[in-house]
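K.L.:
Mind folding the following:
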Amino acid sequence: MKKLMMIAAFMVAAVTANAQREIGTITIQPKGGLGLSNVTNVPDNRLTVAGMLGGEIEYQLLDIVSLAGGLNFSLQGYDQKDTSTEKDRRHDLGYLNIPIVANVYFSKGFAVKVGLQPGFLVYSSRAWKDNQYVRHENDSKDGLKTFDLSIPIGISYEFNNVVFDARYNLGLTKVTDNDGKSCRNSVFLVTCGYRFTL
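P.N.:
Numbers count the residues shown, from 1 in each chain. You can find the predicted model right below:
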């Protein structure tokens, strides 16, 4: 009986030590960051710089579990070597993303997260690089899917309300209308935000 009491006390102490906020607490967090992006199964493709700006709202569901929903603009895409012209091509894809993630806090300030992220293509641009980039003026989305779905997986650490977040977004849906190729988004982002309690 003593052993059971000690185990129960230890578990309560561990949960209390890891608890982030009171259950029912709501916080908001503006955030921004940079990372690397690519689109899978594209010939001669290379990573390109990605960027994100947005925010999220988080609800403390349990002592160590919270749910968060966000809205952000993410500039992603890929670079490609055009073998016919020997010029580098850059493909920019801008998405309005709505990440919905569950956060599990394993220690004070440290969380592991996973969820779903629907996204909507709002911007598309291509550029050729010779001595400098020459961009197309048109915003053509021809041949591109306007809806994207991915799985965000990541970790975050909070210190004095400043939140550092590293997240990989694994694309589930095709980027293009091409039935023969399974081209999907692959994006890694590191962001920094500041958390406000409502």
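
K.L.:
Quick check: chain neighbours aside, which residue is closest to Val114?
P.N.:
Closest residue to Val114 apart from its sequence neighbours, by C-beta to C-beta, 6 or more residues apart in numbering: Ile153 at 5.2 Å. (Glycine included, C-beta is placed from N, CA and C.)

K.L.:
what does Asn178 give?
P.N.:
The nearest residue in space to Asn178 (C-beta to C-beta, 6+ apart) is Gly143, at 7.1 Å.

K.L.:
looking at this, the residue nearest to Val114 is in a strand?
P.N.:
Yes - judged by DSSP: H, G, I helix; E, B strand; the rest coil, Ile153 forms part of a strand.

K.L.:
Rounded mean pLDDT for the host helix or strand of Arg126, please.
P.N.:
For Arg126, the enclosing helix or strand under DSSP states H and E is strand 110-129. Strand 110-129 shows a mean pLDDT of 91.

K.L.:
packing partners for the helix or strand hosting Glu58?
P.N.:
Using DSSP H and E, Glu58 maps to strand 48-60. In this structure, strand 48-60 packs against strand 26-39, strand 65-82, strand 87-97, strand 185-194, with contacts taken as 3 or more C-beta pairs under 8 Å, 6 or more residues apart in numbering; DSSP states H and E.

K.L.:
now those strands in JSON lines, with distance to Asn103 and mean pLDDT?
P.N.:
Below are those laid out as JSON lines (distance: least, C-beta to C-beta, whole Å; pLDDT from 0 to 100):
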{"stretch": "strand 26-39", "distance to Asn103": "11", "mean pLDDT": "96"}
{"stretch": "strand 65-82", "distance to Asn103": "5", "mean pLDDT": "92"}
{"stretch": "strand 87-97", "distance to Asn103": "17", "mean pLDDT": "87"}
{"stretch": "strand 185-194", "distance to Asn103": "13", "mean pLDDT": "97"}
